[in-house]
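# Have a look at this prediction, sequence included:
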Amino acid sequence: MSKKTSLFRLIKSLTGAEKRYFLQMASKNKSESNYITLFRAIEEQEQYDEALIKATFKDRKFATQLHVTKINLTELILRALKSFHARNSVNATLLELLREIEILFAKELFDLCFLRLEKALSLTERFEKFPLQVELLTWHRKLIAATSTVNLSGVTQVLQEEKRIIGKIKNLNGFWNDSMRVYDSPAGDSEMNAKEIYLLEKAESVQAKILHHHFLFTRYYITGKQEEANQQVSKLIQLLENNPAGIEDDPTSYITAIMNKVVLLLSFKRWKELPVLLSKVSALINSSRFQNESQLTVRLWIRLYNVELEMYRDTKELEKGMRLIGVIQSYIQARKVSITTEYLIMFYFQFASIYFLAKDFSKSLKWINEIINTNFGSIRLDIQKYTRILNLIVHFELGNISLLQYATDSSKRFLKKNKIVFQAEELLLQLFSKIVHLDNEKYSATFKTSLVEWQALDQGKRAQIEDYVDVSGWLKENLA
């Protein structure tokens with residue numbers, strides 16, 4: 001990365017709240033007005049153009065030494081960011097306390113130093129900040145040495161505490177090391193079973209226990225043991241809820257655990273259990289912890305919306321689904337550059353599916369065309385395939401028989417080009433090729449034959465498609 005663009009990338013990464021905070025801080029000092037001017041000039045650029053900045057401000061003194069001004073502006077922004085995020089970060093609070101302890105110690109204000117140390121140690125114990133806890137215990141020894149006259153009473157106790165914390169760090173390191181092998185071949189299970197990470201009683205901290213449950217959840221999930229995976233993720237959620245300090249410090253781990261459980265419940269079709277879990281996630285994202293519109297916050301909302309939409313689609317709660325589509329459309333429109341292509345295509349398909357189920361075929365076709373007419377390349381080829389199947393069904397429902405042959409041939413070319421046409425897809429393509437040449441009164445018999453052929457296919461192959469497009473239901477509707 002070019003050093004010339006580092007300030008540009010830093011400014012472009014700022015959230016709205018972070019920008020406002022920086023400008024508010026900078027505006028308090030008149031001597032920093034040049035930095036505000038440069039900040040706004042860079043902020044307005046789509047691509048960094050230093051020559052334009054120099055030309056625009058050629059009569060301003062700061063432009064003659066622009067490289068120095070940029071360094072100082074970078075420092076000011078980072079200082080503001082540290083101050084802004086200190087309110088939400090335990091680590092930042094502890095580092096500030098460590099700095100205060102160092103200053104007070106140098107001034108020999110030992111009573112005040114002890115008070116800051118006591119507060120910091122309490123935080124490290126509560127939030128399991130082991131490395132910082134060791135650092136603080138070092139300062140504790142220094143304070144005892146500076147204030148004791150004989151035998152340094154208390155040092156032995158501090159050393160024992162330090163040994164305890166170092167033991168926890170070693171234990172946690174071992175759990176992390178074991179967790180890196182979660183995707184090893186199941187053939188190595190006999191060797192893996194001997195690892196400490198399999199044994200909850202070996203975990204000496206909440207962090208190690210979290211790794212234990214997450215490891216087993218992942219292990220069971222990738223080996224197809226869904227019920228066992230659900231049990232482990234449920235235990236993980238309960239562990240986190242029993243330790244609210246951990247959620248306060250790192251809410252994303254809690255959200256990830258809940259969303260992992262949601263994915264399992266969707267596969268189990270246990271929809272009644274979902275609203276409570278989704279409400280917990282929504283409440284957290286709406287909390288002050290996520291008030292800054294960061295990329296992380298956007299990703300969390302997008303994932304939540306996607307799951308909620310899928311739930312409404314599966315449960316046929318179409319009114320709720322269509323209301324949510326409006327909310328999602330507005331959210332995407334305001335943040336389109338932040339939405340990944342994978343989620344964008346998934347949302348378009350969900351929109352098309354819900355409108356199809358609601359028999360609003362025109363709106364369904366609108367979102368189908370958004371996918372077909374956009375070059376998504378090889379991204380989510382499965383969704384692109386299901387979209388084309390849904391496209392053929394929607395054209396039939398709209399009575400666009402004259403377009404059906406073209407749409408069928410186009411779909412066939414797409415599927416063959418991407419090597420994703422199999423027996424089930426071939427059967428559906430043949431059905432639509434036949435429909436084009438039939439009179440209306442012959443549709444029923446053709447659908448009846450196609451339904452028999454469809455149900456004779458391997459259930460697993462059919463299920464892959466029917467998780468997204470209810471082909472059986474559609475064929476049955478057209479038997480009459």
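Thanks, I have the structure now.

# and the longest helix for this structure?
Counting residues, the longest helix in the chain under DSSP state H turns out to be helix 155-179.

# what about the stretch 51-200 of the chain, any weak spots by pLDDT?
For the stretch 51-200 of the chain, the stretches with pLDDT under 70 are 86-88, 149-153, 186-194.

# before we move on, the earlier item: run through who's touching the longest helix of the chain.
Residues outside helix 155-179 that contact it (Cβ atoms under 8 Å, 6 or more residues apart in numbering) are 128, 130-131, 133-134, 137-138, 140-141, 144-145, 192, 195-197, 202-205, 207-208, 211-212, 214-215. C-beta coordinates here come from the backbone N, C-alpha and C atoms, glycine included.

# Break this protein into its domains for me.
3-86, 90-178, 376-480 (automatic domain parsing).

# Among these, which comes closest to residue 324?
Residue 324 lies closest, by Cβ to Cβ, to one member of these: domain 376-480, at 18.2 Å.

# re the thing from before, now the contacts of helix 155-179: which count as buried?
128, 130, 133, 137, 140, 144, 192, 195-197, 203-205, 207-208, 211-212, 214-215 (16 or more other Cβ atoms under 10 Å).

# Which of those fall in helices?
Among the buried ones among the contacts of helix 155-179, the residues falling in helices (DSSP H) are 130, 133, 137, 140, 144, 192, 207, 208, 211, 212, 214, 215.

# Hmm, the fourth one is touching residue 117, no?
Going back to what we said before, that points to residue 140. Yes - counting by Cβ atoms under 8 Å, residue 117 is a contact partner of residue 140 at 6.1 Å.

# what residues are up against the nearest residue to residue 410 once chain neighbours are set aside?
Nearest residue to residue 410, sequence neighbours excluded (Cβ to Cβ, 6 or more residues apart in numbering): residue 388, at 7.8 Å. Counting by Cβ under 8 Å, 6+ apart, residue 388 makes contact with 372, 407, 410, 411, 414, 415.

# closest to residue 446 among those residues?
Scanning those for proximity to residue 446, where the rule is Cβ to Cβ, the winner is residue 407, at 17.5 Å.

# I'd guessed that closest one sits against residue 390; true?
No - applying Cβ under 8 Å as the test, residue 407 and residue 390 come out as separate, 11.0 Å apart.

# Counting neighbours, go ahead and name the busier of those two.
More neighbours surround residue 390 than the other of residue 407 and residue 390, with 23 against 19 (other Cβ atoms under 10 Å).

# Figure out the helix or strand that the more buried one lives in.
Taking DSSP states H and E as the definition, residue 390 sits inside helix 381-397.

# Sort out which residues of the next helix or strand after that helix are buried, please.
Using DSSP H and E, the helix or strand that directly follows helix 381-397 along the chain is helix 401-417. Residues of helix 401-417 classed as buried: 403, 404, 407, 408, 411, 412, 414, 415 (neighbour count, 16+ other Cβ under 10 Å).

# Check the offset of helix 401-417 from the chain's centre.
36 Å (Cα atoms, centre = their mean, to the nearest Å).

# Kindly report the same for stretch 365-385.
22 Å.

# avg pLDDT for it?
Average pLDDT, stretch 365-385: 96.

# Next, the distance between the ends of that stretch.
15 Å (Cα to Cα, to the nearest Å).

# Need the contact partners of that stretch.
By Cβ under 8 Å, 6+ apart, stretch 365-385 touches 341-342, 345-346, 348-349, 351-352, 355, 387-388, 390-391, 394-395, 398, 414-415, 418, 420, 425, 468.

# what does stretch 94-113 give?
By Cβ under 8 Å, 6+ apart, the list of residues contacting stretch 94-113 reads 86, 116-117, 119-120, 123-124, 129, 132, 135-136, 139, 142-143, 146-147.

# Now the buried members of these.
Buried subset of the contacts of stretch 94-113 (neighbour count, 16+ other Cβ under 10 Å): 116, 117, 120, 123, 124, 129, 132, 135, 136, 139, 142, 143.

# what helix or strand does the fourth one sit in?
Spelled out, that is residue 123. helix 110-127.

# quick check, distance from that helix to the centre of its chain.
Using Cα atoms, centre = their mean, the offset of helix 110-127 from its chain centre is 34 Å.

# Helix 155-179 and that one, what's the angle between them?
30 degrees (axes from the mean of the first three to the mean of the last three Cα atoms, to 10 degrees).

# Quick one: neighbours of the closest residue in space to residue 447 that isn't next to it in sequence, just the number.
Spatially, and ignoring its direct neighbours in sequence, residue 447 is nearest to residue 478 (4.6 Å; Cβ to Cβ, 6+ apart). By other Cβ under 10 Å, 17 other residues sit near residue 478.

# so how far is residue 244 from residue 478?
54 Å (Cβ to Cβ, to the nearest Å).

# Could you do residue 263 as well?
According to Cβ to Cβ, residue 263 stands 24 Å off from residue 244.

# Residue 341 now?
Going from residue 341 to residue 244 by Cβ to Cβ gives 36 Å.

# now residue 64
In terms of Cβ to Cβ, residue 64 sits 54 Å off from residue 244.

# try residue 167
25 Å.

# Between those two, tell me which one has more neighbours.
Using other Cβ under 10 Å, the more surrounded residue of residue 167 and residue 244 is residue 167, with 13 against 10.

# wait, which of the domains of the chain is closest to residue 334?
domain 3-86 (11.3 Å).

# Phi, psi for residue 184 please.
Per-residue torsions, residue 184: phi -60, psi 150 (degrees, to the nearest 10).

# The nearest residue to residue 391 once chain neighbours are set aside: neighbouring residues, count only.
Excluding the flanking residues, the one nearest residue 391 by Cβ to Cβ, 6+ apart is residue 368, at 4.8 Å. Neighbour count for residue 368, taken as other Cβ under 10 Å: 26.
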